[in-house]
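K.L.:
what shape does this take:
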Amino acid sequence: MSGAASLNGAGRRTSVGPVARARTLPADGVFYPLVMLTAVAFVVEIFFVFLRAPVEVRMGIVQKIFYFHVPSAYAMYLGATACFAGSAAYLVRPTDARDALARAGAEAAVAFGAIVLTTGPLWGAKAWGTFWTWDPRLTTALLSVLIYVAYVVLRAFAGDGSAERKFSAALGVLGAANLPIIHFSVQKWGGQHPTVITGKGGGLQHPDMKLALALGFLAFTMLAVLLVWARTRVELARSRLRRAEEDAIDLGLDTRTEA
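P.N.:
Model (predicted):
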C-alpha cells in the first residue's frame, strides 16, 4: 500500500510510509538558484580582484590575498554564529533541526577557518618576513578554529547519542565566546596584525579595491549561507533516515511478538 500508512500483520494501520514525502525539500526552488548566484558572485569577485583592482605598491600582487582572507574570516564568524545559535537552542530544547544547524555551522567554521589560516601566513610571509608569529589575533583565531575542529571530530567519532549531542552543544557555545576576543584582540593587546579596513596599515585607497572587497564579502557570505543550508539539509535527512530505521526495527519486533 503506497502512502504514509499500511496494514501490519495484526491488521492495524501503522505509519511506515515515506514521512519525508511531506517534507520533500520545498526550498529547492530557492536553493539551486542560490548555488548559481554564488557561483556568479565568485566569478565577478575574481574578475574585479585580478583585472580591475590595482596592484598595491608596497605589497605587490600578494596584497590581493587580502580580498579572500578577510571575507573568509567573516564567513568563519557566520558559521560559528550558526553553530552557537543551534547549540544554545539545542541545550534549551533538543531537536534534530537545532542539532543539524549546530553541526553544519561548526563544519562551515572549520572550512573557512582553514582558508583564513592558509591565506594569512601567505600574506604574512611578504608583510612580516615570516609565515607565522604569535600575534594575539592569529593566536586567538587558531584557538577558535581548533575548538570547532574538536567539535567536528567529536561528532564524527563519539557517536550520536543524547549525551554526545549535549556535550557538543556546550562546546559550540564555548567556541562562540572566543569570537569577540578575536575581533578586539588588536585593540586590547596590540600586535602586528593590521586593520586595513579602518586605515591602519595603509587602507584601501582606490575605489576598485573597496569594490573588490565588498564583492568578496558578498560572495563569501552567500557561500557560507549555502554551505550551512546544504549541510543542515543533509543532517536532517540523515536524522529522518535513522528514525525511520529505528521505527522499522520496532515495528518488526512488535510484529514478531504478536505472531
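K.L.:
identify the residues contacting Phe220.
P.N.:
Phe68, Pro71, Ser72, Tyr74, Ala75, Phe112 (Cβ atoms under 8 Å, 6 or more residues apart in numbering). Placement of C-beta: from N, CA and C, glycine included.
K.L.:
beyond the helix or strand hosting Ala75, next helix or strand please.
P.N.:
Taking DSSP states H and E as the criterion, Ala75 maps to helix 66-92. Following helix 66-92 in sequence order, the next helix or strand is helix 96-127 (DSSP H and E).
K.L.:
buried among the contacts of Phe220? Make that a PyMOL selection.
P.N.:
The PyMOL selection below is limited to those of the contacts of Phe220 classed as buried (16 or more other Cβ atoms under 10 Å):
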select buried, resi 68+71+72+75+112
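K.L.:
still on that earlier bit, and the helix holding Ala75, average pLDDT?
P.N.:
Averaging pLDDT along helix 66-92 yields 94.
K.L.:
and the angle from it to helix 96-127?
P.N.:
Computed by axes from the mean of the first three to the mean of the last three Cα atoms, to 10 degrees, the angle separating helix 66-92 from helix 96-127 equals 150 degrees.
K.L.:
before we move on, the earlier item: make a markdown table from the contacts of Phe220 and add distance to Leu236 to it.
P.N.:
Output for the contacts of Phe220, formatted as a markdown table (distance: Cβ to Cβ, whole Å):
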| residue | distance to Leu236 |
| --- | --- |
| Phe68 | 31 |
| Pro71 | 28 |
| Ser72 | 26 |
| Tyr74 | 26 |
| Ala75 | 22 |
| Phe112 | 22 |
